[in-house]
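# Kindly generate the corresponding structure for this input.
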Amino acid sequence: MSEAQNHTKGEAPDIDADINIRGLTPFLPLLIFAATLLAYWPALHNGFIWNDPDYVTRANLRSWGGLGQIWFKVGATEQYYPALHSAFWIEHRLWGDAALGYHLANVLLHATAACLFAFILRRLGVPGSWLGGLIFALHPVCVESVAWISEQKNTLSTVFYLLAALAYLRFDKGRGQVSENDVVGSRHFNFRDLTPSYWLATALFILALLSKSVTATLPAALLVIIWWRNGRLSWRRDATPLLPWFAAGAAGGLFTAWVERRYIGAEGGDFALSFPQRALVAGRAVWFYLGKLAWPSPLTFIYPRWTVDPSAGWQYVFPAGLLAALACLWLLRGRTRAPIAAALLFMGSLFPVLGFFNVYAFVFSFVADHFQYLACLGVIAIAAAGADAAARKLPCRIGWVAAAAILCLLGTRTWRQCRRYHDIVTFYRTILEDNPASWLAHYNLGNILLEQGRMKEAIAHYEATLQAKADDPQTENNLGLALFGDGRIAQAIIHYRQSLLLRPVYAEAHNNLGNALRALGRGDQAMLEYETAIRLKPDYAQAEYNLGLALRSAGRDPEAISHFKRAILLKPDFAEAFYDLGNSLRNQGDLAAAVTTYETALRMRPDYPDALNNLGNVLLSLGRTGEAVARFKQALRMQPDSAVIHNDLGVALAGAGRMRDAIAEFAKAARLDPAVPTYRRNLALALRQAPR
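Next up, the predicted model:
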């Protein structure tokens, strides 16, 4: 019986008999889950990496009102995928900021997708269905989607995608098949034929779209499957029920493309590719992804970005070879439609990320492993069927032993690949091992090292970034920050000015240049930079605060107070602004207001020894000596080696008549910082006044 005849009669081959697993079928999903958990065990111990904080629900979205924003406010989340972000919202309620919960959810979703994939292959009568599920579960090309929390959009959307496909295939099977002569007969589509399975499939498809818009390819994939099964398509019967799906998918895809441009920045010079260039990217990308499926090594998060040159003849080999391969598969359709169907499923699912639409990741690479998470299913299906056929022809189950060995190799490679995502520093360092010229990895690692105070290492990575991506204003600005932190202020100024030469409206660079100028004592020039930053970015609380500092240093406390208050208005939890407002109020003699302001700063940041110390001094000036002593002691518990606080506590204790205790504090201050004559003078005076 031919393939077409077999499916026309609705008779699926007995897969259990083919591979001798009759009776074991109920345990195969458990096998997939166990194998997936084992292979991805290292991922469960990983932390958060790049972009994860943009997906794990932010503090302002964790309420019920935040859930409403997720659904009804575009821009409230990294991408408008409300089903995905609702899942993250629920997960945050379950395990908060613990990375383990998110990683476990991703691994379980991946295992679920692998089981659903096997169920679909089994329903379609594809041999080796459970082998296909295991290959998908263990293939290392999926690690990027499973071990990276942000890509829960891949695992979740694929679960919805496959559930929708299962429901639709059930709906389609319930209508029977079209006979050769039934071209316009009663078996054609009728709106009254829409069963609960159809509406369930539609709801699941919408959820898939709202998790990731690449799932818009599902209706086309279903038509390919129906054509593969039946050998032809009926417009009214097969295509018409899917027209609403095509419309929803097109709308979702176009909307996502707009969000990529509007909110993520997928536009500009890096995306200015002509159609021939995009075609060259697409042709090469397809072969790249096939190569990684066949030989998944090396795998890296950021692959080198190709130089696309339409004048280079060798680059046309990729699209030409692809067209030739498709032509050969099409000619073979008389013998078997499976290869061309698998190719169409693979390329169709990849189409949104082949280069014809702008995707932000194209800034640093035209390909990524997570782009083919969904697309690889078609290739894996035909590979599993082929392996099944080969295994049954070999004696003594040698083929199955070989298949088990390959699965073990895939699982081991996945296990090792997961370790690359252990933490953010490991993540970028392993990228640079494979792709030393990756400017993004250098830049982001430089940012992390800058936050950790490892300035010299950060400088090296920013300089490497500029070698690969010259004239980048953000890198110039951040290199200036690292140089400033390393005490090389004059060099920092050079890079801040270069950043502003590249982007004159860069408010942050104006602010940072102001800080460098103020550090060199050039307060008037610093004020001009801060004012420029505020003019460019009126809600820039940090620049308002820094301008207040510069004004206070110039003895212009009344003006400084107004800018500190403006900074607080823009950022109500700005503890440092409250502290420095308190300092200016103290300078103006408004001690009561200074006390209130210091106390507000301490409510926001209880571990603020400078605020405690200055509050103690104001309380001392108000005659509240006991309270002042308590504040000084509290500050010393946080900063026991501060000569200033020991000295100020000594002054308070001396004022309270506790001269022996005061002497001890003055002695500590003098020992900690012997270069300050005030500490030695206070100690000598206390010794003279101490009772004999």
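# Run through this structure and note the low-pLDDT ranges.
1-25, 176-192, 263-270, 396, 692 (pLDDT under 70).
# May I see the domains of it written out as residue ranges?
Domain assignment for the chain by automatic domain parsing gives 18-56+97-176+194-420, 607-692.
# mind putting those domains in a markdown table, mean neighbour count included?
Where you see a C-beta, it was placed from the backbone N, CA and C, and this is true even at glycine. Listed next are those as a markdown table, based on neighbours: other CB atoms under 10 Å:
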| stretch | mean neighbour count |
| --- | --- |
| domain 18-56+97-176+194-420 | 19 |
| domain 607-692 | 18 |
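# got the contact list for the host helix or strand of Leu653?
Assessed by DSSP states H and E, Leu653 sits inside helix 643-655. Residues outside helix 643-655 that contact it (CB atoms under 8 Å, 6 or more residues apart in numbering) are 609, 613, 616-617, 620, 625, 628-629, 632-633, 635-636, 639, 659, 661-666, 668-670, 672-673, 676, 678-679, 682, 686, 689.
# Distance from it to the middle of the chain?
50 Å (CA atoms, centre = their mean, to the nearest Å).
# Over to stretch 293-304?
For stretch 293-304, the distance to the chain centre is 19 Å (CA atoms, centre = their mean).
# same deal with stretch 228-236?
41 Å.
# Quote the end-to-end distance of it.
End-to-end distance of stretch 228-236 (CA to CA, to the nearest Å): 18 Å.
# still on that earlier bit, can you add distance to Gly480 and give the domains of the chain back as CSV?
Shown next, in CSV, are the domains of the chain (distance: least, CB to CB, whole Å):
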stretch, distance to Gly480
domain 18-56+97-176+194-420, 22
domain 607-692, 26
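# Select, out of those, the one closest to Thr77.
domain 18-56+97-176+194-420 (7.8 Å; CB to CB).
# for the stretch 501-650 of the chain, what spans make up the helices?
In the stretch 501-650 of the chain, helices defined by DSSP state H, counting those that start in this stretch lie at 507-519, 523-536, 541-553, 557-570, 575-587, 591-604, 609-621, 625-638, 643-655, listed in chain order.
# how about the helices of the stretch 201-350 of the chain, start to end?
Using DSSP H, counting those that start in this stretch, helices in the stretch 201-350 of the chain cover 218-230, 243-259, 275-294, 317-331, 338-350.
# Indicate which one of these is closest to Val141.
helix 275-294 (5.4 Å).
# Next, the angle from the closest one to helix 317-331.
For helix 275-294 against helix 317-331, the angle by axes from the mean of the first three to the mean of the last three CA atoms, to 10 degrees is 70 degrees.
# name the helices or strands packed onto helix 275-294?
Packing partners of helix 275-294 (3 or more CB pairs under 8 Å, 6 or more residues apart in numbering; DSSP states H and E): helix 317-331, helix 338-350, helix 376-393.
# and with 6 Å instead?
helix 317-331 (3 or more CB pairs under 6 Å, 6 or more residues apart in numbering; DSSP states H and E).
# mind listing the helices for the stretch 51-200 of the chain?
Counting by DSSP H, counting those that start in this stretch, the helices of the stretch 51-200 of the chain are 52-55, 64-72, 82-95, 99-123, 129-138, 143-147, 152-174, 196-209.
# now those helices in TSV, with distance to Val317?
Formatted as TSV, those follow (distance: least, CB to CB, whole Å):
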stretch	distance to Val317
helix 52-55	39
helix 64-72	46
helix 82-95	38
helix 99-123	33
helix 129-138	29
helix 143-147	27
helix 152-174	31
helix 196-209	36
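# isn't Ile663 right next to Leu685, touching?
No. With contacts counted by CB atoms under 6 Å, Ile663 stays clear of Leu685, the gap being 9.9 Å.
# Next one: the closest residue to Ala83 other than its chain neighbours relative to Val146, how far apart?
Nearest residue to Ala83, sequence neighbours excluded (CB to CB, 6 or more residues apart in numbering): Leu210, at 3.8 Å. Using CB to CB, to the nearest Å, Leu210 is found at 21 Å from Val146.
# Repeat that for Cys115.
Cys115 sits 15 Å away from Val146, taking CB to CB as the criterion.
# Could you list the residues in contact with stretch 101-109?
Around stretch 101-109, the neighbours that count as contacts under CB atoms under 6 Å, 6 or more residues apart in numbering are Tyr40, Ala43, Leu44, Asn46, Trp95, Val146, Ile149, Gln152, Thr155, Leu156, Val159.
# got the helices of the stretch 501-650 of the chain as JSON lines, with distance to Ile90 columns?
Below are those laid out as JSON lines (distance: least, CB to CB, whole Å):
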{"stretch": "helix 507-519", "distance to Ile90": "35"}
{"stretch": "helix 523-536", "distance to Ile90": "40"}
{"stretch": "helix 541-553", "distance to Ile90": "33"}
{"stretch": "helix 557-570", "distance to Ile90": "33"}
{"stretch": "helix 575-587", "distance to Ile90": "33"}
{"stretch": "helix 591-604", "distance to Ile90": "30"}
{"stretch": "helix 609-621", "distance to Ile90": "39"}
{"stretch": "helix 625-638", "distance to Ile90": "39"}
{"stretch": "helix 643-655", "distance to Ile90": "47"}
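# Can I get stretch 156-175 in CSV, CA atoms only?
C-alpha atoms of stretch 156-175 as CSV (Å, rounded to 0.1, in the frame of the first residue of the first chain):
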residue,chain,number,x,y,z
LEU,A,156,6.0,27.8,26.4
SER,A,157,4.9,28.8,22.9
THR,A,158,6.0,25.5,21.5
VAL,A,159,3.9,23.6,24.0
PHE,A,160,0.9,25.7,22.9
TYR,A,161,1.9,25.3,19.2
LEU,A,162,2.0,21.5,19.5
LEU,A,163,-1.2,21.3,21.5
ALA,A,164,-2.9,23.4,18.9
ALA,A,165,-1.6,21.1,16.2
LEU,A,166,-2.8,18.0,18.0
ALA,A,167,-6.3,19.5,18.5
TYR,A,168,-6.5,20.6,14.8
LEU,A,169,-5.4,17.2,13.6
ARG,A,170,-8.1,15.7,15.7
PHE,A,171,-10.6,18.1,14.2
ASP,A,172,-9.3,17.3,10.7
LYS,A,173,-9.5,13.6,11.2
GLY,A,174,-13.0,13.8,12.4
ARG,A,175,-14.1,15.2,9.1
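# List the contacts of that stretch.
84, 87, 109, 112-113, 116, 120, 123, 195, 197-198, 200-201, 204-205, 207-208, 211-212, 215, 218, 222, 374.
# again, 7 Å this time
Stretch 156-175 is contacted from outside by 10, 84, 87, 109, 112-113, 116-117, 119-120, 123, 187, 193, 195, 197-198, 200-201, 204-205, 207-208, 211-212, 215, 218, 222, 226, 373-374, using CB atoms under 7 Å, 6 or more residues apart in numbering.
# Quick one: neighbours of Asn515, just the number.
22 (other CB atoms under 10 Å).
# is it true that it touches Asn546?
Yes. Counting by CB atoms under 7 Å, Asn546 is a contact partner of Asn515 at 6.3 Å.
# still on that earlier bit, of the helices of the stretch 501-650 of the chain, which is nearest Arg454?
Closest among those, using CB to CB: helix 507-519, at 18.7 Å.
# Now the closest one: buried residues?
Ala507, Glu508, Ala509, His510, Asn511, Asn512, Leu513, Gly514, Asn515, Ala516, Leu517, Arg518 (16 or more other CB atoms under 10 Å).
# I'd like the next helix or strand past the helix holding Leu653.
Per DSSP H and E, the helix or strand that comes after helix 643-655 is helix 659-672.
# Could you give the separation of whichever helix or strand comes after that next one from the chain centroid?
Note on helix 659-672: by DSSP H and E, the next helix or strand toward the C-terminus is helix 677-689. Chain-centre distance of helix 677-689: 58 Å, with CA atoms, centre = their mean.
# Other residues contacting helix 677-689?
So helix 677-689 is in contact with Ala643, Asn647, Gly650, Ala654, Met659, Ala662, Ile663, Phe666, Ala667, Ala669, Ala670, Asp673, going by CB under 7 Å, 6+ apart.
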